[in-house]
Structure formats: structure tokens, C-alpha cells
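Visitor: build the 3D model from these lines:
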Amino acid sequence: MTAGARIERLVTSGTFTLDGGCWDVDNNVWIVGDDTEAIVVDAAHDAEAVVRALGARALRAIVCTHAHNDHIAAAPELAARTGAPVLLHAGDLELWKQTHPDRAPDAELTDGQSLTVAGVELTVLHTPGHAPGAVCLHAPRLSALFSGDTLFAGGPGATGRSYSDFPTIIRSIGDRLLTLPGDTVVHTGHGDTTTVGAEAPHLQEWIDRGF
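Guide: Have a look, this model is predicted:
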């Protein structure tokens, strides 16, 4: 790891709502930085819990991997309390408006964009499928990928609801994620971490079927 830089996980709890359904969920909030500054990946459910976890550090950005309500519910409050901008891919703006109709994101995430915090560079990878504007963040110097709900321990994110598509997520994973080093640690939106190498064999089966 880069000296001083670290990855911290905060788990928050709440609900995920879409297409008329509502489910209780636990979300991973990832904090990347050092003792001075940080970014937050997915401000889920509880802004106060994130503020406590940040402590005195300056928050440079609130990065949304996608705009399902469980991943963005606390983003506006966290932005108001810290002054940090909320960043979201434009492909997920319609989903964002379902949760926050009166507060737009502050800036767009774009494929290939670079974000830097505590000397660590994170590259934005557009990985549609779970949602149109879903992104992952790759931090090579930390051997880390922040995958949101695109890739989990055990397989791809869900695609059975509005705005999602299974062949698209499989192509995204094959083209953008399985090309990363096998020892890259995948920090997921829910549940346990995994590695690219651990997930590659069973995902390759779907890719080989022509998705």
C-alpha cells in the first residue's frame, strides 16, 4: 500500500426500494484515504455514521457507484455536512431523481476519469448492467477495486429489476474487470470482499456463452 493510505469499511443498514418492492439491506461504505483526507464510496443510509468514521479528515468527494437508493440515501446530507461534492455517472441520473428529485449530483463521473486522494489514484470504470450508470473504481497501488453492485463474492450483481440487463453486466465484467490482475481485491457494495482471480472462472463460463 501507499504509505499512509488505507481502506476502511463501514457497514450501514436500511432499505432498498425499487419497482414497488422494499428490502432490508446492509451496505458497505468504503472510506479511502489517510489521516488527513479521504473519499467515500457510496454514502449509504446513515450520514451521521459516516461523519463519525471520518473524524477530522477532510472529505474530498462522495463517489456513487450507482444510484439505487440504498447507495445514495445519505449522500446529500453528507455533502451538506462536509462540503464534499457528490459524483455520479450521468447514466444514472433518472434513478437518482427517484430518491432525490430536488437535489442534483454536483458533478459527473466519466469512464477513464482519475480521482486522487492521499496520493492514491482511482480510475473510474463505467460498468453498466446492474444500472445504466454503474461504475467501479480501480486503485492499482492499493490492489483494490470498488465494485459497487457490479461484482460480488459469488457472481455478478442482480439484473432482475428496472434499468438492469444481464448480458450487459456480463460484458462489463468481462471487458473491464476480468482484465485486471487476479490478486486485485474486490471491495463490494454488500457482503464480503473477494478477488478478481477468485471470481474469474465461473464468470468466464457466462462470457463464453456469448453474453
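
Visitor: where are the low-confidence patches of the protein?
Guide: Applying pLDDT under 70 to the chain flags residues 1-3, 211.

Visitor: any idea how far the nearest residue to residue 174 once chain neighbours are set aside is from residue 52?
Guide: Of all residues not flanking residue 174 in the chain, residue 207 sits nearest, at 4.3 Å (CB to CB, 6 or more residues apart in numbering). Glycine gets a C-beta too; all of them are placed from N, C-alpha and C. Distance of residue 207 to residue 52, given as CB to CB, to the nearest Å: 42 Å.

Visitor: compare those two and say which one has the larger neighbour count.
Guide: residue 207 (15 against 10; other CB atoms under 10 Å).

Visitor: buried set for the strand or helix carrying that one?
Guide: Here residue 207 sits within helix 196-208, counting by DSSP states H and E. For helix 196-208, the neighbour count (16 or more other CB atoms under 10 Å) marks 196, 199, 200, 203, 206 as buried.

Visitor: kindly export it (C-alpha atoms) in PDB.
Guide: Included here for helix 196-208 are C-alpha records, laid out as PDB according to Å, rounded to 0.1, in the frame of the first residue of the first chain:
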ATOM      1  CA  VAL A 196     -10.800 -10.900  -9.400                       C
ATOM      2  CA  GLY A 197      -9.000 -14.200  -9.700                       C
ATOM      3  CA  ALA A 198     -11.500 -16.000  -7.400                       C
ATOM      4  CA  GLU A 199     -14.400 -14.800  -9.400                       C
ATOM      5  CA  ALA A 200     -13.000 -15.200 -12.900                       C
ATOM      6  CA  PRO A 201     -13.600 -19.000 -13.500                       C
ATOM      7  CA  HIS A 202     -17.300 -19.100 -13.100                       C
ATOM      8  CA  LEU A 203     -17.800 -15.700 -14.700                       C
ATOM      9  CA  GLN A 204     -15.800 -16.800 -17.700                       C
ATOM     10  CA  GLU A 205     -18.400 -19.500 -18.300                       C
ATOM     11  CA  TRP A 206     -21.100 -16.800 -18.900                       C
ATOM     12  CA  ILE A 207     -18.700 -14.900 -21.200                       C
ATOM     13  CA  ASP A 208     -18.000 -18.000 -23.200                       C
END
